[in-house]
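Participant: sequence? don't have it. structure:
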Ligand code: CP
């Protein structure tokens, strides 16, 4: 694919070579993301960070990624704080914000809304999540993390055995990650969900049509015994008709250290796009896993900065200039607490 000047709306834009290109550029961003060097390559550029739905890590890491490349960030959060609450259309909002920005990151609760916005934008738009549809940058950072984790254990994405657990119907991260995985070889995907929250049939069929194995189950313990990755997800309460309906499924699958020890292979990597629902009635990924070295959830969030830096550098066509605009770091950058 041609990255320069393109919108990033769906993982369907990416073939295997494109994914590998993003990952190579993400690797090259490590010195800047880890504060060993500074680059000012995007000095003067502005990111419009438009989050019309709650977010912590996607919104902040998009902003950090742009800042780490030397750019500035202007943002709005929540429909209630934007003129959309006064009846402004996505078309008008896109025309306005793209006049203020060089690239836009956007999250919106309605599937397809980011694509609609992008059609009216005068600058590239990156999808930060549109309803239950897609979350392409999350999928890229998840797959980047999977690659690092399995490589560390002597494996590769080809031949990966992965279980996705929880709300596979409304969870946009698992939709996007499944479609990305389809670009690789011999993936064995186990979909663990209640019958009502199963992975959409078209995604299952897409994987099978490309030669991958997909198994569906509603039982977690008996299905996580032979996987490289156990990828847990939150019940997407905001996509249900009511909290009561979401409560029917909340807490159905709880992974903790005792279950992990009893049922998983010793090196199974535990992932989650976050936020994990840590309320007692859910507790889908127990805090007693926090000291488990195979818990990769905070490596995922760290990697999100690298991957989002890579996408901005590719879309704004500055990959070859990043080191030309670099400088030493002038403040204390010793080990971070806990490292
Ligand atoms: N994973 C993810 O999208 O997290 P946020 O909702 O905090 O952005």
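Facilitator: Arrived safely, thanks for sending. These numbers were taken from a predicted model, which means no experiment stands behind them.
Participant: wait, residue 167 sits on residue 196?
Facilitator: No - counting by CB atoms under 8 Å, residue 167 stays clear of residue 196, with 9.7 Å between them. Placement of C-beta: from N, CA and C, glycine included.
Participant: So for those two, which sits in the more crowded spot?
Facilitator: Taking other CB atoms under 10 Å, residue 167 and residue 196 do not tie; residue 167 has more neighbours (27 against 11).
Participant: Which helix or strand contains the more buried one?
Facilitator: Taking DSSP states H and E as the definition, residue 167 sits outside all helices and strands.
Participant: State the next helix or strand along the chain beyond the lengthiest helix in the chain.
Facilitator: Longest helix of the chain, by residue count under DSSP state H: helix 297-315. Note on helix 297-315: by DSSP H and E, the next helix or strand toward the C-terminus is strand 326-328.
Participant: got the buried residues for that next one?
Facilitator: Within strand 326-328, the residues scored as buried using 16 or more other CB atoms under 10 Å are residue 326.
Participant: Please name every helix or strand in contact with it.
Facilitator: strand 37-39 (3 or more CB pairs under 8 Å, 6 or more residues apart in numbering; DSSP states H and E).
Participant: Partner strands of the strand it packs on and their direction?
Facilitator: Strand 37-39 has the following strand partners under DSSP bridges: strand 326-328 (antiparallel).
Participant: In terms of helices and strands, where is residue 150?
Facilitator: helix 136-152.
Participant: Tell me the helix or strand right after that helix.
Facilitator: That would be, after helix 136-152 and using DSSP H and E, strand 161-165.
Participant: thought residue 232 was touching residue 270?
Facilitator: Yes - using CB under 8 Å, residue 232 is in contact with residue 270, at 7.2 Å.
Participant: Would you mind listing the buried residues in the longest helix of the chain?
Facilitator: 297, 299-301, 303-315.
Participant: So what's the gap between that helix and the chain middle?
Facilitator: Helix 297-315 sits 9 Å away from the centroid of its parent chain (CA atoms, centre = their mean, to the nearest Å).
Participant: can you tell me the average pLDDT over that helix?
Facilitator: Averaged over helix 297-315, pLDDT sits at 98.
Participant: Next, the angle from that helix to helix 136-152.
Facilitator: Angle of helix 297-315 versus helix 136-152, following axes from the mean of the first three to the mean of the last three CA atoms, to 10 degrees, is 120 degrees.
Participant: Nice, that's everything, thank you.
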